[in-house]
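Chemist: Sharing a model prediction with you, sequence too.
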There are 2 protein chains.
Amino acid sequence: MNPRRKFITLFVGLGLGVFLPKKLTAAKPAKSMIVHQVYFWLKKPKKDLKDVMKGCKAIGKLKSARSYQVGVPAATAKRDVIDDSYHIALTVTFKSIEDHDLYQEDPVHLKFIADHKDKWEKVQVYDFEVD
Amino acid sequence: MNPRRKFITLFVGLGLGVFLPKKLTAAKPAKSMIVHQVYFWLKKPKKDLKDVMKGCKAIGKLKSARSYQVGVPAATAKRDVIDDSYHIALTVTFKSIEDHDLYQEDPVHLKFIADHKDKWEKVQVYDFEVD
């Protein structure tokens, strides 16, 4: 194949890639995902909210984590089933329980706990596995 | 431009698209996201788990929702801060509180509640807003 034809063939191939269904072109996703959902109730939310949220964002970026998000209670209509008494919601996802365990033991995560644990009144965790 | 050249140009353009950073090619994301996090405790989990999970997956696919996931407690190490007594975790995300409200009022969502509410003992909801 001459170089020009080779060049065209390469781009035709890449171009066709755009039309392939995502399942064929994307990296193979993990079969399941671990979601580590944490709610923090702070002793002094006005004083400490920003600082603890900043810490949450730092630990969410750890290599062992797949993705993370940090939130605060949303202004949805109040209902009996809703608990909006917490101050921070931290979601960290992992590819496996092994990665979750690496995250738990990471010095950066341990430092986060040491630095901020006196600021929270309560922590509630829900770990779940998603298909 | 002759048709052959047009064809090549089209595919070269598509090919180059593959190399563009995602931020330039992806649709602009919403500035914030509403996460509607629900935990279900079932009266008869062995009997009803699959059925309620199926219902969760159906409401997660409603047009008003941005994304959804349905999970069950993960086998992470037991700790005092972890609540693993629930049976199903349903996460539905929305672009706005307006979309969340549309979801709540959707006949499919109301039918889900009517069909399954006798199967759960407790429902706990945390709605939060993520940057």
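Modeler: Looks like it arrived, so ask away.
Chemist: quick one: low-confidence ranges for chain A?
Modeler: Counting by pLDDT under 70, chain A contains low-confidence ranges at A:1-31.
Chemist: which residues of chain A fall in strands?
Modeler: In order along the chain, chain A carries the following strands (DSSP state E): A:33-42, A:67-73, A:88-94, A:120-130.
Chemist: My guess is A:Glu121 contacts A:Lys44. True?
Modeler: No: in this structure A:Glu121 lies outside contact range of A:Lys44 using Cβ atoms under 8 Å: 9.4 Å. The C-beta positions use only the backbone N, C-alpha and C, and glycine is treated the same way.
Chemist: from the strands of chain A, which stretch is densest packed?
Modeler: For those, the largest average neighbour count (mean count of other Cβ atoms under 10 Å in any protein chain shown) is found in strand A:88-94, namely a mean of 23.
Chemist: Just want the angle from that one to strand A:120-130.
Modeler: Taking axes from the mean of the first three to the mean of the last three Cα atoms, to 10 degrees, one finds strand A:88-94 and strand A:120-130 inclined to each other by 30 degrees.
Chemist: Tell me the gap between strand A:88-94 and the middle of its chain.
Modeler: Relative to the centre of its chain, strand A:88-94 is centred 5 Å away, using Cα atoms, centre = their mean, to the nearest Å.
Chemist: which residues touch it?
Modeler: When contacts are defined by Cβ atoms under 8 Å, 6 or more residues apart in numbering or on different chains, strand A:88-94 is touched by residues A:33-40, A:42, A:49, A:52-53, A:56, A:59-60, A:64-73, A:100, A:103, B:35, B:37, B:126, B:128, B:130.
Chemist: returning to that earlier point: turn the strands of chain A into JSON lines, including distance to B:Asp80.
Modeler: As requested, the strands of chain A are arranged in JSON lines below (distance: least, Cβ to Cβ, whole Å):
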{"stretch": "strand A:33-42", "distance to B:Asp80": "13"}
{"stretch": "strand A:67-73", "distance to B:Asp80": "23"}
{"stretch": "strand A:88-94", "distance to B:Asp80": "18"}
{"stretch": "strand A:120-130", "distance to B:Asp80": "9"}
